[in-house]
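> need a structure here:
(one chain, ligands or ions: 2)
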Amino acid sequence: MTEQADVVVIGLGPGGEDVAGALADAGLDVVGIEAELVGGECPYWACVPSKIMIRAGNLVAEARRSFLLAGPGEVTPAWSRVAGRIRDEATHGWTDQLATDRLVAKGVRVVRGTGRLTGPRRVAVGDRTFAARRGVVLATGSRPRIPPVAGLAATPYWTNRDAMATPELPTSMLILGGGAIGVEVAQVFARFGCATTVVEGGERLLSREEPEAGDLAGTALRADGVTVLTDTRIARVDHHADGFTVRREGAEAPLRAERLLVATGRTTDLAPLGVDTVGLEPTAHAVPTDGQLRAGAGLWAIGDVTGRGSFTHVSMYQAKIVVRDILGRPGPEADYRALPRVTFTDPEIAAVGLTERQARAQGRHVRTSLVPVAASTRGWIHGPGTDGFVKLVEDADRGVLVGATSTGPAGGEVLYGLNVAVQTEVPVARLRHMIYTYPTFHRVVETALEALG
Ligand SMILES: Cc1cc2nc3c(=O)[nH]c(=O)nc-3n(C[C@H](O)[C@H](O)[C@H](O)COP(=O)(O)OP(=O)(O)OC[C@H]3O[C@@H](n4cnc5c(N)ncnc54)[C@H](O)[C@@H]3O)c2cc1C
Ligand SMILES: NC(=O)c1ccc[n+]([C@@H]2O[C@H](COP(=O)([O-])OP(=O)(O)OC[C@H]3O[C@@H](n4cnc5c(N)ncnc54)[C@H](O)[C@@H]3O)[C@@H](O)[C@H]2O)c1
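Ligands and ions are numbered 1, 2, ... in the order given. Predicted structure coming up:
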């Protein structure tokens, strides 16, 4: 017998959880379907555990730096503290009772299993079927993209899940991919004593960001003892009792390590979701959505599955729009012009909007400036660990910022003002005529605004 609901949400990651909870709070009868853990990737194997690791790694680095400013600091890094905090405090042993209880308390009917569309407003889970009066929200996230490298599939390679849950660090690790996961994990593991190598196929790390950001990440990782190989293509991967052997194109000597982490981006599987039953292309990389995140009649999609940026804040932003749309409340369309992202390396590497290259490719008349954090009073006071810069990208014809990169000890926090500026198109002339607190890191923004030439 088909069960009825107002809304069925498939996937209870950050976005799905938000939609389900908010619609239930608004009085709708909501079914939330989850195949693994309520909360999704972010709290158990992604954002939260990685940032717990990074916090610990930064403490280790700061203690090591302290001899210059405060006298010798002693720190003996102990991974068990990090792994224990992730296991016991963050993920509760990778269980989701708390998250599930939270949703159930709001009135959401949580159903365990793999959901699949069987037609417009219809979903099957195991032998149960649901008909959704208002519609279905797809919030099924993404999984690691495993590149088609010879031999790799047959090896016990790690993905983010293994790296985030490991109770012990390997003695050595190769990381395939120098994107956000690669650089964050490499720096932490190196700081805790693991001999780490990052192998990036592209010209530089963090290839989607400004080239100066990628160079900064490379310098920071090398300073922590990470071996960084860019422009490097892998020909073959093998695994033996003593670990991994990785052969590179055009290089004689193979790379060897105890563990191999694959961090080469994310992908989505739409075919098993039954998207063909609602007229969507099952081989597409993402579910196409309009400004209200609608993907068809009575169908919405949010989060990684929409291909708009694999970030928790994107999923949660889209969730708010979907809730409003389902409740029939008018509101603005999704706007990704000022999409912010922060890579939590030390220094933090944050950016919003367009890179210089993207802005030029759009045919804009672009003005840029780049100012090192160390040139500011606060940067000088901070001393060791001050590496970083602020780079601004101005649409000179319109006199507004269309992109910015903020790196440094507080790069992610400094980004906030730049995020507001890009999103709300505050004229550069007005940004210049503002009072910037002394001596903060964000005063570098003022200097960079003055330097726009
Ligand atoms: C190591 C790492 C670190 C990261 N750090 C950050 C960070 O610092 N900041 C940031 O913003 N982002 C970060 N991200 C990205 C972030 O984790 C994702 O963008 C975010 O989790 C996506 O949320 P989502 O709502 O799309 O769903 P997901 O979190 O991907 O969850 C989707 C859920 O749907 C379930 N599901 C899938 N298919 C079905 C089905 N058919 N039926 C039922 N359930 C299903 C899954 O089991 C899962 O629980 C990181 C990612 C990784 C891997
Ligand atoms: N702080 C954060 O917000 C944060 C942190 C981690 C992850 N994330 C999200 O998770 C997503 C996935 O992270 P990711 O680092 O896996 O992906 P990514 O897309 O950020 O980077 C993947 C990197 O792998 C490289 N690559 C691809 N194939 C390769 C190959 N065969 N050999 C060598 N290099 C190869 C790419 O050139 C790219 O630089 C990111 O897109 C990001 O949105 C966010």
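> C-alpha only now, for contacts and for neighbours.
Noted.
> work out the gap between the helix or strand containing Ala404 and the centre of the chain.
Using DSSP states H and E, Ala404 sits in strand 400-408. Relative to its parent chain, strand 400-408 has a centroid offset of 18 Å by Cα atoms, centre = their mean, to the nearest Å.
> any part of it near ligand 2?
No. Applying Cα under 6 Å from any ligand atom, one finds strand 400-408 separated from ligand 2 by no less than 13.0 Å.
> what packs against that strand?
Here strand 400-408 touches strand 348-353, strand 389-395, helix 411-424, going by 3 or more Cα pairs under 8 Å, 6 or more residues apart in numbering; DSSP states H and E.
> can you list contacts of the second one?
Contacts to strand 389-395, defined as Cα atoms under 8 Å, 6 or more residues apart in numbering, come from residues 354-356, 359, 364-374, 400-408, 444-445, 448-449, 452.
> just checking: what are the partner strands of it?
Paired strands of strand 389-395, with direction, are strand 366-372 (antiparallel), strand 400-408 (antiparallel) (DSSP bridges).
> among these, which is the most enclosed?
Counting by mean count of other Cα atoms under 10 Å, strand 400-408 has the highest mean neighbour count of the strands paired with strand 389-395, with a mean of 29.
> just the CA trace of the helix ranked longest in the chain, in CSV.
Identified as the longest helix of the chain according to DSSP state H is helix 47-69. Taking only C-alpha atoms (Å, rounded to 0.1, in the frame of the first residue of the first chain), the coordinates of helix 47-69 have been written out as CSV:
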residue,chain,number,x,y,z
CYS,A,47,34.0,19.1,7.4
VAL,A,48,33.8,18.5,11.2
PRO,A,49,36.4,15.7,11.7
SER,A,50,38.8,17.4,9.2
LYS,A,51,38.5,20.7,11.1
ILE,A,52,39.1,19.0,14.4
MET,A,53,42.3,17.6,13.0
ILE,A,54,43.3,21.0,11.7
ARG,A,55,42.7,22.7,15.0
ALA,A,56,45.0,20.1,16.6
GLY,A,57,47.6,20.5,13.8
ASN,A,58,47.5,24.3,14.2
LEU,A,59,48.2,24.0,17.9
VAL,A,60,51.2,21.8,17.2
ALA,A,61,52.5,24.3,14.7
GLU,A,62,51.9,27.3,17.0
ALA,A,63,53.6,25.5,19.9
ARG,A,64,56.6,24.9,17.6
ARG,A,65,56.6,28.6,16.6
SER,A,66,56.4,29.9,20.1
PHE,A,67,60.2,29.8,20.8
LEU,A,68,60.6,32.9,18.7
LEU,A,69,58.0,35.0,20.6
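> quick check: mean pLDDT of it?
Here helix 47-69 scores 96 as its mean pLDDT.
> for the very next helix or strand once past it, name the packing helices and strands.
Next in sequence after helix 47-69, counting helices and strands by DSSP H and E, comes helix 79-84. In terms of contacts (3+ Cα pairs under 8 Å, 6+ apart), helix 79-84 is packed against helix 47-69.
> I would like the residues contacting the helix it packs on, please.
41-43, 72-75, 77, 82, 85-86, 90, 164, 184-185, 187-188, 191-192, 344-346, 384-385.
> can you list the residues of the stretch 201-350 of the chain near ligand 1?
So the stretch 201-350 of the chain meets ligand 1 at Leu273, Gly303, Asp304, Val305, Ser310, Phe311, Thr312, His313, Ser315 (Cα under 6 Å from any ligand atom).
> any idea which of those residues has the most stuff around it?
Gly303 (29 neighbours; other Cα atoms under 10 Å).
> ok, that residue - contacts?
The contact partners of Gly303, by Cα under 8 Å, 6+ apart, come to Gly15, Ala139, Thr140, Gly141, Gly309, Ser310, Phe311, Thr312, Val314, Ser315, Met316, Gln318.
> could you do Val366 as well?
By Cα under 8 Å, 6+ apart, the neighbours of Val366 are Glu356, Ala359, Arg360, Val393, Glu394, Asp395, Ala396.
> and with 10 Å instead?
356-357, 359-360, 392-399, 401-402, 452-453 (Cα atoms under 10 Å, 6 or more residues apart in numbering).
> across the sheet, point out what pairs with it.
Asp395.
> and the pLDDT at it?
With respect to pLDDT, Val366 has a value of 98.
> can you lay out the helices and strands packed on strand 400-408 as JSON lines showing distance to ligand 2?
Output for these, formatted as JSON lines (distance: least, Cα to the nearest ligand atom, whole Å):
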{"stretch": "strand 348-353", "distance to ligand 2": "9"}
{"stretch": "strand 389-395", "distance to ligand 2": "18"}
{"stretch": "helix 411-424", "distance to ligand 2": "10"}
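> before I go, just wanted to say thanks for your time.
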